[in-house]
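Engineer: quick one: sequence and predicted model below, then my questions.
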Amino acid sequence: MIHNFLPLATIGRFGRHKLGVFAMLLLLLLFGVGTVSSSSFVIPTISITSVQAGETVTIQTHNFPPNMTFNVTLGKMYTRGIGGISVGQIHSGSGGSLTATFDIPDGLKNDARISIRAQTGHANPYYAYNWFYNNTAPALPDNGVGGGEPIYTGIPTFSVTAVAKGQSVTIVTNNFPANMTFNVTMGKMYTRGIDGVQVASFNSEQGGTLTKTFTIPAALANDDRIAIRAQTAHANPYYAFNWFYNNSTPGSTGGGTVSGSVAPSAYAGIPTFTVCSVTRDGNVTIQTNNFPTNQSFAVTMGAMYTQGIGGIPVGTLASEGNSSARYTFNIPQGLQGSYRISIRAQTGHAYPYFAYNWFYNNTTTLDHCP
């Protein structure tokens, strides 16, 4: 799978200290691929296409950036391949989708499930990871291998569907891994539920979509907004988080009618933005997607591969009532003449929302924005 950069009212499977992010996240890499004159938002992933038990695993990449060298490691389940055994490299060439086969090392030949990771050597690397059952299986669609049991890929998320003010909240999960125990915590707004009050735990059973209702703890019963989190106890956990208005709402997708007015919907998902146009050494125009409303994002630019972290401030993005809108920022003098530039938008919260991307510093209008 792939986080968590996350993120963000983000959602993913990497620990908060791994985010660099991404938290996080998270644990999400956003970057451009294509020709020298193009830039776009994509997330590199890998899927498992076939396995020879104890011998080899074949993967297919998706959305890989061009002209990069990815080091491939295999490791114990739940490690995401971090610190694993090196088994080879992928040279991404023109990027996108590639197929590669790797030997399963002696130390993992008898493991039932194995993690696999592909990561560049940059200080702020591109990476993707997944796992597979160590059972012989022919090439299959991206959704699974091994013993007829589907492999888990993607990002676990959940939405808030109903709230009884100060009493309970109901969620519906999406793409949850199967047979996992998730601890559910609630906490103050902007904490993403980290170190919150544990309110329950549940088993994900067959995974995918489940409906669960949890009691709002007394310490949060009078809060206007509440963060909620579901996370496994693994060293490299699966997790998802969201937040909700503590107003009574009927079952819905996060909103509802309260005393004749529409209650605001909880924010869910991952904020991203694409690069729409560039004037060399002049300015760049971006278009946001799924941004939380009524938030102020500080926008920074920096050298390539920095994700804009610690970059030069270039302005503020006020999302107001817009989850999607266009904004233009001047390229700072310190980056003029650069070949490629990172750009980042991040709120000032202790647990911020953020998104980042990069662009070629060439005058161009791109076709990625509607």
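Structural biologist: Structure received.
Engineer: hey, let's count contacts and neighbours off CA atoms from now on
Structural biologist: Noted.
Engineer: tell me if Gly107 really is in a helix.
Structural biologist: Yes: according to DSSP: H, G, I helix; E, B strand; the rest coil, Gly107 belongs to a helix.
Engineer: check the gap between it and Asn134 for me.
Structural biologist: Using C-alpha to C-alpha, to the nearest Å, we find Gly107 at a distance of 13 Å from Asn134.
Engineer: which of these two has more neighbours?
Structural biologist: Comparing Gly107 with Asn134 by other C-alpha atoms under 10 Å, the one with more neighbours is Asn134, at 25 against 12.
Engineer: got a list of what that one touches?
Structural biologist: With contact taken as C-alpha atoms under 8 Å, 6 or more residues apart in numbering, Asn134 is in contact with Val51, Gln52, Ala53, Gly54, Lys109, Asn110, Asp111, Ala112, Arg113, Ile114, Gly146.
Engineer: pretty sure the first one contacts Val57?
Structural biologist: Yes: in this structure Val51 lies within contact range of Val57 using C-alpha atoms under 8 Å: 4.5 Å.
Engineer: ramachandran coordinates for Pro217?
Structural biologist: Per-residue torsions, Pro217: phi -70, psi 150 (degrees, to the nearest 10).
Engineer: so who does it touch?
Structural biologist: Gly166, Gln167, Met186, Val197, Val199.
Engineer: go through the residues you listed and give me the one with the most neighbours.
Structural biologist: Among these, Met186 has the most neighbours (other C-alpha under 10 Å), with 29 neighbours.
Engineer: the spatially closest residue to that one that is not a sequence neighbour - how many residues pack around it?
Structural biologist: Leaving aside its chain neighbours, Met186 sits nearest to Ile228 (4.4 Å; criterion: C-alpha to C-alpha, 6 or more residues apart in numbering). Applying other C-alpha under 10 Å, we find 30 other residues in the vicinity of Ile228.
Engineer: secondary structure element holding Ile228?
Structural biologist: Secondary structure assigned from DSSP states H and E places Ile228 in strand 225-231.
Engineer: doesn't Val169 make contact with Thr211?
Structural biologist: No: look at Thr211 against Val169 with C-alpha under 8 Å: they stay out of range, at 10.7 Å.
Engineer: of those two, who's got more company?
Structural biologist: Comparing Thr211 with Val169 by other C-alpha under 10 Å, the one with more neighbours is Val169, at 24 against 13.
Engineer: which pLDDT value goes with that one?
Structural biologist: For Val169, the model assigns a pLDDT of 94.
Engineer: just list the residues touching Asn361, thanks.
Structural biologist: Neighbour list for Asn361: Val278, Thr279, Arg280, Asp281, Gly337, Ser338, Tyr339, Arg340, Ile341 [criterion: C-alpha under 8 Å, 6+ apart].
Engineer: shaky segments in the chain?
Structural biologist: Scanning the chain for pLDDT under 70 picks out the ranges 1-42, 137-154, 235, 249-269, 367-368, 370.
Engineer: can you give me the helices in it?
Structural biologist: Applying DSSP state H to the chain gives helices spanning 23-26.
Engineer: can you list the domains in it?
Structural biologist: 31-133, 157-263, 272-365 (automatic domain parsing).
Engineer: span of the last one from start to end?
Structural biologist: Distances were taken as C-alpha to C-alpha; on that basis the terminal residues of domain 272-365 are 19 Å apart.
Engineer: and it, how far from the chain's centre?
Structural biologist: Taking the mean of its C-alpha atoms, domain 272-365 sits 18 Å from the chain's own mean (C-alpha atoms, centre = their mean, to the nearest Å).
Engineer: go on, stretch 60-75?
Structural biologist: With C-alpha atoms, centre = their mean as the basis, stretch 60-75 stands 17 Å off its chain's centre.
Engineer: buried residues in it, which are they?
Structural biologist: Using 16 or more other C-alpha atoms under 10 Å as the test for burial, stretch 60-75 gives 60-66, 68-75.
Engineer: how about stretch 317-331?
Structural biologist: Under the neighbour-count criterion of 16+ other C-alpha under 10 Å, stretch 317-331 has Leu317, Ser319, Asn322, Ser323, Ser324, Arg326, Tyr327, Thr328, Phe329, Ile331 buried.
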